[in-house]
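S.K.: make a model of this:
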Amino acid sequence: MFKNISKIILILLLLFLSLHVSTNSSFASIIVTPKPFINSKIVVPPSAYTLFNLPYLQRGASVAFQISVLTGGNRDVNVFFLNSEGIMYFKKGLSVNQYGRLVKNSASFSFPINKTDNYYLVIDNRFSLLTSKQVSILAHYPPWEEENYKTTKKYYEELYSFLGNTFIFRDFNIKATYCQGQANAFYDPRSNSIIICHEHEEKTFSITRDYNMTSNISRWVFYHELGHALLYQWGLPGWDSEDRVDEFATVILLMEGDYKPILDMAKYYMTTFDWDEVEAKVFMDDRHALTPQRARNLINWFNNPNDLLRRWQTTFVPRSRTEFLLKLYGEKSYKSWVDSSLITEELKKRGERQDKRTSKIMQKSQKINKTMAKEKNDFDILLSEEIKDKWSGVKLIIEDKVLNETQEVSININDEYNIPDSSLKIKVGFFLPDFKRRERTITSVSNNPNNPVAGVQIIDNGRKIFPKVGEWGWMYAEFPSIYPFQHKRFGVILKEGIKK
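M.R.: Residues are numbered from 1 along each chain as shown. As a prediction, this is how the structure comes out:
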């Protein structure tokens, strides 16, 4: 009898543990659905058909279709998928020995391409003498054959891995998908999912006409929605505040040293203001600030990053992974916003005070603090030979506020220019056509002028007055209000780089 009781207790214990594990474990689902190359709603008149020209398809590929007959009669149409020979027979009214079927209500199907050729999709309503049919058509390559699918899925997997190594949170889902024409991105608390609509990226590109800028904006938008997700999970007030999650997105990117998405988002907001926004504020429950205000917020946060970063440490530190906190503590010597006392207190709570690894990192950090000779805002500048060979100098615009005049001057890299009728001298140290900052390193990620930045010093009677801290002041061609040179008489801004 005792043995039977022991077995029962053991079974109940195992059952409890299994329930406990299953209740508290969750798994992230990253779903990427392909972007359709046909996405259309059409009305096919009676006794007529509609023809779609498809992309030139290679043998061995596959195509997937989703056809829905929305209204009209018995909600049915004939569907044909034809190559160049088949369409010729079809138009002549001859029988077609290729793919064809009746679709009633809706159907999804895919099939392989056996011959490299031009292909056509036909929605045929000729059998209906009186009734028009409204038909919705989606056509795309299967996910495993679409390069964009692979790239997008890998991007979100790597991003999710980075977040998992940084913060403590319950797994959430990411879904990049088609949203039936809705250009949007949002967090859904019910399904614990961040949904990124393909239409949002398409709309952004239709405005920017710039793939890099569109990619940067999409990154900022994802972090914005991440703010909704994590603040909601953490049970913090303001998870549904658009201004607060705007801050969240900006802080994450500042911590990464990835500034371009912030600047591109600000630029996008400055160019997309619509009076419909004002109407939405008056008549609808729209929590978003007007886009000019959001742009100004981003620029202000970018110009004063330390204030913002310090303020968010009380939110992030208790919810960050121990490894990340140790890394952050080790970097406090050149990241002035790091609250080392807050991190130390948090590590003590986690019982890490006696951990030898923690102790070593903290000791190493103290050594760095004592021996570090560089100024706080100095950075390593990495320029490839390709960039050095392409760019010889910069064009600056100098404004004389007293005479109300401007002049454009060209200065070679490593050269100086004396501003006439003044004691000011400008020295140019470097030019980055596509500025990027990572940790303590700044570089150019390409040779194209996507985000031109020049390293400049301005000297007055032998004394450097710009920048006030660090060796070089950065001048942004696209955002001259960021780190501006402030002088009672003269203004200096970067216009562009000069190619050799």
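S.K.: Thr271: neighbouring residues, count only.
M.R.: Other residues within reach of Thr271, judged by other C-beta atoms under 10 Å, total 11. (Each C-beta comes from the backbone N, C-alpha and C, glycine too.)
S.K.: touching, it and Ile207? I think so.
M.R.: Yes: in this structure, Thr271 sits in contact with Ile207. The criterion is C-beta atoms under 8 Å, and the distance is 7.3 Å.
S.K.: dump the residue contacts of Val402.
M.R.: Contacts for Val402 (C-beta atoms under 8 Å, 6 or more residues apart in numbering) come out as Arg489.
S.K.: tell me how far it lies from Asn39.
M.R.: In this structure, Val402 and Asn39 are separated by 59 Å, where distance is defined by C-beta to C-beta, to the nearest Å.
S.K.: repeat for Gly227
M.R.: 30 Å.
S.K.: can you pull the pLDDT of Lys150?
M.R.: On pLDDT, Lys150 comes in at 78.
S.K.: now do Asn451
M.R.: Reading off the per-residue confidence, Asn451 sits at a pLDDT of 86.
S.K.: for the stretch 151-300 of the chain, which spans come out with low pLDDT?
M.R.: Scanning the stretch 151-300 of the chain for pLDDT under 70 picks out the ranges 273-289.
S.K.: quick one: the helices in it?
M.R.: Ranges of helices in the stretch 151-300 of the chain, per DSSP state H, counting those that start in this stretch, are 198-208, 211-233, 242-256, 260-271, 275-283, 291-303.
S.K.: compute the inter-axis angle for the second one and helix 242-256.
M.R.: Helix 211-233 runs at 110 degrees relative to helix 242-256, counting by axes from the mean of the first three to the mean of the last three C-alpha atoms, to 10 degrees.
S.K.: list the helices and strands helix 211-233 packs on?
M.R.: When contacts are defined as 3 or more C-beta pairs under 8 Å, 6 or more residues apart in numbering; DSSP states H and E, helix 211-233 packs onto strand 185-188, strand 193-197, helix 198-208, helix 242-256, helix 260-271.
S.K.: which of those sits closest to Ser29?
M.R.: strand 193-197 (8.0 Å; C-beta to C-beta).
S.K.: which residues sit against the closest one?
M.R.: Taking contacts as C-beta under 8 Å, 6+ apart, the residues outside strand 193-197 that touch it are 29, 172-179, 182-188, 218, 221-222, 225-226, 228-229.
S.K.: please, a ChimeraX command that selects the buried ones among these?
M.R.: Under the burial definition 16 or more other C-beta atoms under 10 Å, those of the contacts of strand 193-197 that qualify are selected in ChimeraX by:
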select :172,173,174,175,176,178,179,185,187,218,221,222,225,226,228,229
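S.K.: what residue ranges in the stretch 401-500 of the chain score low on pLDDT?
M.R.: Under the criterion of pLDDT under 70, the regions of the stretch 401-500 of the chain flagged as low confidence span 438-440.
S.K.: same deal with the stretch 1-150 of the chain?
M.R.: Counting by pLDDT under 70, the stretch 1-150 of the chain has low-confidence residues at 1-27, 35, 142-147.
S.K.: out of the helices of the stretch 151-300 of the chain, which is closest to Glu386?
M.R.: Of all those, helix 211-233 sits nearest to Glu386, with 17.7 Å by C-beta to C-beta.
S.K.: and the angle from the closest one to helix 291-303?
M.R.: Using the same axes, to 10 degrees, one finds that helix 211-233 and helix 291-303 are set 90 degrees apart in direction.
S.K.: which outside residues touch helix 211-233?
M.R.: With contacts defined as C-beta under 8 Å, 6+ apart, helix 211-233 is touched by 159, 163, 167, 169-170, 172, 185-187, 189, 192, 194, 196, 200-201, 204-205, 208, 238-240, 244-249, 252-253, 258, 260-262, 264-265, 267-268, 319, 450.
S.K.: show me the contacts for the residue lying closest to Ser29 once chain neighbours are set aside.
M.R.: The spatially closest residue to Ser29, leaving aside those adjacent along the chain, is Asn173, at 4.4 Å (C-beta to C-beta, 6 or more residues apart in numbering). If you count contacts by C-beta under 8 Å, 6+ apart, Asn173 has them with Ala28, Ser29, Ile30, Ile31, Ser191, Asn192, Ser193, Ile194.
S.K.: what is the burial count for Glu85?
M.R.: Burial of Glu85, expressed as a neighbour count using other C-beta under 10 Å, amounts to 14.
S.K.: just the CA coordinates of stretch 45-52, formatted as CSV?
M.R.: What follows is stretch 45-52 as a C-alpha-only set of coordinates in CSV (Å, rounded to 0.1, in the frame of the first residue of the first chain):
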residue,chain,number,x,y,z
PRO,A,45,-19.0,42.1,-66.1
PRO,A,46,-21.3,39.3,-67.3
SER,A,47,-20.2,37.6,-70.5
ALA,A,48,-16.6,38.9,-70.0
TYR,A,49,-13.3,38.0,-68.5
THR,A,50,-10.3,39.9,-66.9
LEU,A,51,-6.7,39.2,-67.8
PHE,A,52,-3.7,39.7,-65.6
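S.K.: list the buried residues for that stretch?
M.R.: Of the residues in stretch 45-52, those with enough neighbours to count as buried (16+ other C-beta under 10 Å) are Tyr49, Thr50, Phe52.
S.K.: same check on stretch 386-394?
M.R.: Going through stretch 386-394 with 16+ other C-beta under 10 Å, the ones that come out buried are Ile387, Lys390, Trp391, Ser392, Gly393, Val394.
S.K.: now the helix or strand hosting the last one: mean pLDDT?
M.R.: Meaning Val394. With the criterion set as DSSP states H and E, the secondary-structure element containing Val394 is strand 391-400. Across strand 391-400, the average pLDDT comes to 95.
S.K.: for the closest residue to Phe316 other than its chain neighbours, list each beta-bridge partner.
M.R.: Sequence neighbours aside, Phe167 is the residue nearest to Phe316 in space, at 7.4 Å (criterion: C-beta to C-beta, 6+ apart). Beta-bridge pairing of Phe167, defined through DSSP bridges, involves Ser320.
S.K.: what's near enough to touch Phe167?
M.R.: Residues in contact with Phe167 (C-beta under 8 Å, 6+ apart) are Leu230, Phe316, Arg319, Ser320, Arg321, Phe324.
S.K.: try 10 Å
M.R.: Applying C-beta atoms under 10 Å, 6 or more residues apart in numbering, we find Phe167 in contact with Leu226, Leu230, Gln233, Trp234, Ile252, Phe316, Arg319, Ser320, Arg321, Phe324.
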